[in-house]
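> got a structure for you, letters missing:
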């Protein structure tokens, strides 16, 4: 699915768990556009409960793949987080990357 398709779907989101699940599946398999889209969804509470720790994590994964827009949004999200939340998000990011390197996701 192209970046444009992800963004188009995000505009249409209301509270469709199947759409979130589809985007999450793509994000978990390393699709940078899906990682950005999921980070944005968590940041704005679009189709899913807002969660800055999850937003920061997914955006960090996109940043690791060179996504500059994710870097900007991650900075904005971090401004509203406590140091403890940022540390939780950084730990979650590292743990996700470690698990991804050690084998397929279940």
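Cool, got the structure. Remember, it's a predicted structure, so these values are computed and weren't measured experimentally.
> what segments of the chain are helices?
Secondary structure of the chain (DSSP state H): helices at 3-12, 17-28, 32-44, 52-63, 68-79, 83-102.
> could I get these as a markdown table with mean neighbour count?
For every residue, glycine as well, the C-beta is placed using N, CA and C. Formatted as a markdown table, those follow (neighbours: other C-beta atoms under 10 Å):
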| stretch | mean neighbour count |
| --- | --- |
| helix 3-12 | 13 |
| helix 17-28 | 16 |
| helix 32-44 | 24 |
| helix 52-63 | 25 |
| helix 68-79 | 16 |
| helix 83-102 | 13 |
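> in CSV: those, plus mean pLDDT.
Below are those laid out as CSV (pLDDT from 0 to 100):
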stretch, mean pLDDT
helix 3-12, 60
helix 17-28, 86
helix 32-44, 91
helix 52-63, 98
helix 68-79, 96
helix 83-102, 95
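> once you drop chain neighbours, what's closest to residue 70?
Leaving aside its chain neighbours, residue 70 sits nearest to residue 62 (3.6 Å; criterion: C-beta to C-beta, 6 or more residues apart in numbering).
> is it true that the one you found touches residue 32?
Yes - with contact defined as C-beta atoms under 8 Å, residue 62 reaches residue 32; the gap is 5.1 Å.
> could you tell me which residues touch both of the two?
Residues touching both residue 62 and residue 32 (C-beta atoms under 8 Å, 6 or more residues apart in numbering) are residue 70.
> got a list of what residue 27 touches?
Residue 27 neighbours (C-beta under 8 Å, 6+ apart): 34, 35, 37, 38, 58, 61.
> now with 7 Å, please.
34, 35, 38, 58 (C-beta atoms under 7 Å, 6 or more residues apart in numbering).
> just residue 59 next, same as before
36, 39, 70, 73, 74, 77.
> which residues touch the fourth one?
By C-beta under 7 Å, 6+ apart, residue 73 lies in contact with 39, 40, 43, 59.
> with the second one instead?
Going by C-beta under 7 Å, 6+ apart, residue 39 touches 55, 58, 59, 62, 70, 73.
> what's the closest of the residues you listed to residue 98?
The shortest approach to residue 98 among those belongs to residue 58, at 16.0 Å (C-beta to C-beta).
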